[in-house]
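**Student:** next come a sequence and a model predicted from it.
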Amino acid sequence: MILKGKKIVIMGVRNKWSIAWGATQAAYNQGAEVICTCAEDSYEKVKELLQELPGTSLYVCNNVSVDEDIDNCLEEIKKEHGKIDGLLHAIAHANTQDLRNDFINTTRDGYAHAQDVSCYSLIAILRMSKEKEMLNEGASIVAYTYFGSEKAIEGYNVMGVAKAALEASIRYLAVDLGKINCRINAISAGPIKTLSAKGIKDFGSILDVVEQKSPLHRNVTTKEVGDATAFLFSNMSDAITGEVIHVDNGFSIIGT
Ligand SMILES: NC(=O)c1ccc[n+]([C@@H]2O[C@H](COP(=O)([O-])OP(=O)(O)OC[C@H]3O[C@@H](n4cnc5c(N)ncnc54)[C@H](O)[C@@H]3O)[C@@H](O)[C@H]2O)c1
C-alpha cells in the first residue's frame with residue numbers, strides 16, 4: 001500500500017480503456033483516496049465505472065482550454081477534499097484532419113488547439129492548484145506522453161510536437177514546483193488501443209511494430225502504466241523529478 005493516506009486527483013478518465021482508468025485502479029489498490037475528473041460527455045460512464053471503487057469521487061472538468069472550467073473543478077475539489085498529494089494529467093486532443101494529413105499541412109488553428117489542450121492545460125492546472133494552495137508539501141504530478149515527441153512517427157504529427165512541448169514544460173515546471181517541494185514527471189507510455197488512439201492513422205501497425213521489435217516483444221497494458229504512475233505518486237520516487245520515464249517494454253532503446 002504505497003499510497004496510503006494520499007489524496008490523488010486523476011484527470012482524463014473517459015472509459016474503461018482509458019490509460020487514466022489503469023492509473024485510477026492502481027492508485028486505489030495502493031490505498032489512495034482517489035478523486036477523478038472527466039469531461040461532461042463521459043460523466044455517466046465514468047460514474048458507473050467508479051462504483052467498482054467505493055469511496056472514490058468524480059468531478060467535471062469539461063474543457064481544459066477554458067480557464068473557468070479548470071478553476072471551477074479545482075475549487076470544488078478543494079472545498080470537498082482540501083489539499084492533494086498527487087495529480088495525473090491524462091488529457092490530449094488534436095483535430096482528426098491534422099492526424100490524417102501530412103504534418104506540413106497542419107493549420108495554425110489545429111497547431112494551437114493541440115498545444116492548448118495537450119500541453120498548456122498542464123501549466124494552467126498546476127498554476128491554479130498552486131495559487132489555491134492545494135498542493136501538499138511533497139505532492140507528485142504525473143503527465144502522459146508518447147515516443148512520437150522524440151521521433152517522427154507516421155500519423156502522430158501535430159500531437160508529437162505537442163508532446164515534445166509537454167516534456168519540455170515538465171522540466172521547467174519541475175524547477176518551479178521544486179521551490180514548494182513538489183515533483184513532476186512524465187510517463188512515456190507505449191501505444192495502447194484507446195478511444196484517443198483510434199484517431200491515429202494505421203494505429204494497428206504501430207502496435208505490431210512494438211510487438212516485433214521491443215525487447216520484451218509485447219505491448220504495454222493500462223495496468224502496467226497505472227502501476228508505474230502509482231510508483232511516481234509514492235514516496236518511493238521522492239528523488240525523481242523533471243524526468244520522462246519510458247514505460248514501453250523497452251521499445252524506445254531500439255535503433256532499428
Ligand atoms: N493511447 C496511447 O497509445 C497513448 C500512449 C502514450 C500516451 N498517451 C496519452 O495518454 C493520455 C490519455 O489518453 P488515452 O489514450 O487514455 O485516451 P482517452 O481518450 O481515454 O483519454 C483522453 C482524455 O482526454 C480528455 N480530453 C480531451 N480533450 C479535452 C478537453 N478539451 N478538456 C478536457 N478533457 C479533454 C478526454 O475526455 C479523455 O478523458 C493522453 O495524454 C495521451 O496522449 C496515450
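**Tutor:** Arrived safely.
**Student:** so what's residue 117 scoring on pLDDT?
**Tutor:** On pLDDT, residue 117 comes in at 98.
**Student:** C-terminal to the lowest-mean-pLDDT helix or strand in the chain, what's the next element?
**Tutor:** One helix or strand of the chain scores below all others by mean pLDDT, DSSP states H and E: helix 96-100, with a mean of 94. Per DSSP states H and E, the first helix or strand lying C-terminal to helix 96-100 is helix 108-115.
**Student:** how about that following helix: buried residues?
**Tutor:** Neighbour counts over helix 108-115 (16 or more other CB atoms under 10 Å) mark 110, 111, 113, 114, 115 as buried. C-beta: built from backbone N, CA, C; applies to glycine.
**Student:** and for stretch 1-13?
**Tutor:** Residues 2, 3, 6, 7, 8, 9, 10, 11, 12, 13 are the ones in stretch 1-13 that count as buried (16+ other CB under 10 Å).
**Student:** and stretch 89-108, by the same measure?
**Tutor:** Across stretch 89-108, burial judged by 16+ other CB under 10 Å covers 89, 90, 91, 92, 93, 94, 95, 98, 99, 101, 103, 106.
**Student:** and those, which two are the farthest apart?
**Tutor:** Farthest apart among these by CB to CB are 89 and 101. That separation is 27.0 Å.
**Student:** which bits of the protein sit near the ligand?
**Tutor:** By CB under 6 Å from any ligand atom, the part of the chain that sits against the ligand consists of 12-14, 18-20, 38-39, 42, 61, 63-65, 90-93, 117, 144-146, 189, 191-192, 194-197.
**Student:** and the residue nearest to residue 202 when sequence neighbours are not counted, how far from residue 247?
**Tutor:** Nearest non-adjacent residue to residue 202, counting by CB to CB, 6 or more residues apart in numbering: residue 155, 6.1 Å away. For residue 155, the distance to residue 247 equals 21 Å [CB to CB, to the nearest Å].
**Student:** and the end-to-end length of stretch 8-17?
**Tutor:** Stretch 8-17 stretches 20 Å from its first residue to its last (CA to CA, to the nearest Å).
**Student:** cool, stretch 199-217 as well?
**Tutor:** In stretch 199-217, first residue to last residue: 24 Å (CA to CA).
**Student:** the residue nearest to residue 202 falls within a strand, correct?
**Tutor:** No: per DSSP: H, G, I helix; E, B strand; the rest coil, residue 155 lies outside any strand segment and is coil.
**Student:** in contact with it, which residues?
**Tutor:** Contact analysis of residue 155 by CB atoms under 8 Å, 6 or more residues apart in numbering lists 99, 100, 200, 201, 202, 203, 206.
**Student:** identify the farthest-apart pair in these.
**Tutor:** Using CB to CB, the contacts of residue 155 span at most 14.8 Å, a distance reached by 100 and 206.
**Student:** about what we covered before: which of the buried residues of helix 108-115 sits closest to the ligand?
**Tutor:** residue 113 (8.8 Å; CB to the nearest ligand atom).
**Student:** wait, that closest one sits on residue 96?
**Tutor:** No: counting by CB atoms under 8 Å, residue 113 does not reach residue 96; the two are 11.4 Å apart.
**Student:** pull the number of nearby residues for residue 49.
**Tutor:** A total of 22 residues lie near residue 49 under the criterion other CB atoms under 10 Å.
**Student:** what's the following helix or strand after the one helix or strand it maps to?
**Tutor:** If you go by DSSP H and E, residue 49 is part of helix 43-50. Following helix 43-50 in sequence order, the next helix or strand is strand 57-60 (DSSP H and E).
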